[in-house]
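*Asks:* Have a look; sequence and predicted model below, questions after that.
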Amino acid sequence: MKDLKIPDNASDFPIVCVGGSAGGLDAYIRLLQNLPDDTGAAIVIVNHLRTVSTRLHEILPNYTKMPVELITEKLDIQPNHVFIIPEKRDLHVLDNEFHLMPISKPRGWPDVITVFMRSLTENWNGKLIAVIVSGYDGDGADALCSIKEVGGITMAQKPDTASQPDMPESTIASGCIDFILSPEEIAIEIKRVVLADSKFENEVIIQ
């Protein structure tokens, strides 16, 4: 009897990147209300803001039992936590930590979601799940095919359930979306994907 090798690298747990902007708060709340607090995944909310201070780290603890933290430089990435990007920053990952950089697109629509997703594809060993919810513009759409290329799963909020459907519609138009769902259904699918991977890693092979 032989167990499958279970990776012991600290960055082998899943990251769920949830990108959104206008109308995103409603989607974040509906998703977190329906997501268990013990999936083993880190939830990173990348709100498409340039200059407006975020209050998500103050609001969202009312809707989940997971700790909710505003990301600071070199903050450890941990499973079963919700992390919030601060304003005026691009977000990267390296060596199991978050790294913040000055926003690379200070004028026009920011591309913070795209920047973070690309960093994940280059620097994260665990499962990747990319979710795009309500918002203006098309931030995130350009990185979704890269997420799929490294074996990740991509999801978009069903446009008729979004306050602002522009962002979900742009991601759907990319042709790189696996699931188009309501926020409640996205939570169910995240749980299914994460637990299915966990079951595979821990199953026993009989020789």
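*Replies:* Nice, thanks for sending it over.

*Asks:* Start from the N-terminal end of the protein and give the strands.
*Replies:* 2-3, 15-20, 42-47, 68-70, 82-84, 89-94, 97-102, 128-132, 153-157, 179-181, 204-205 (DSSP state E).

*Asks:* Can you list the low-confidence ranges for the chain?
*Replies:* Low-confidence segments of the chain (pLDDT under 70): 1-11, 50-52, 106, 108, 198-207.

*Asks:* in the chain, which spans are helices?
*Replies:* Ranges of helices within the chain are 24-33, 56-59, 112-123, 144-149, 166-173, 183-202, based on DSSP state H.

*Asks:* Can you report how many residues lie near Pro86?
*Replies:* 17 (other C-beta atoms under 10 Å). (C-beta placed from N, C-alpha, C; glycine too.)

*Asks:* Contacts only, for it.
*Replies:* Neighbour list for Pro86: Thr54, Leu70, Ile71, Thr72, Leu100 [criterion: C-beta atoms under 8 Å, 6 or more residues apart in numbering].

*Asks:* Give me the distance between it and Val194.
*Replies:* 26 Å (C-beta to C-beta, to the nearest Å).

*Asks:* same question, Tyr63
*Replies:* Tyr63 is 19 Å from Val194, by C-beta to C-beta.

*Asks:* Between the two, tell me which one has more neighbours.
*Replies:* Val194 (22 against 17).

*Asks:* For the residue lying closest to Asp76 once chain neighbours are set aside, grab the count of nearby residues.
*Replies:* Spatial nearest neighbour of Asp76, excluding adjacent residues (C-beta to C-beta, 6 or more residues apart in numbering): Glu97 at 5.9 Å. For Glu97, the neighbour count with other C-beta under 10 Å is 14.

*Asks:* mind checking which of the helices of the chain is nearest Gly138?
*Replies:* Minimum separation from Gly138 across the helices of the chain (C-beta to C-beta) falls at helix 166-173, 3.2 Å.

*Asks:* Tell me which residues of the closest one come out buried.
*Replies:* For helix 166-173, the neighbour count (16 or more other C-beta atoms under 10 Å) marks Asp166, Met167, Pro168, Glu169, Ser170, Thr171, Ile172 as buried.

*Asks:* Specify the angle between it and strand 128-132 in degrees.
*Replies:* Comparing the axes of helix 166-173 and strand 128-132 via axes from the mean of the first three to the mean of the last three C-alpha atoms, to 10 degrees yields an angle of 130 degrees.

*Asks:* Using TSV, please lay out the buried residues of helix 166-173 together with distance to Lys158.
*Replies:* Below are those laid out as TSV (distance: C-beta to C-beta, whole Å):
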residue	distance to Lys158
Asp166	14
Met167	12
Pro168	7
Glu169	10
Ser170	14
Thr171	12
Ile172	9
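
*Asks:* For the residue lying closest to Glu189 once chain neighbours are set aside, grab the count of nearby residues.
*Replies:* Of all residues beyond its chain neighbours, the one nearest Glu189 is Phe179 (5.7 Å), with distances taken as C-beta to C-beta, 6+ apart. For Phe179, the neighbour count with other C-beta under 10 Å is 16.
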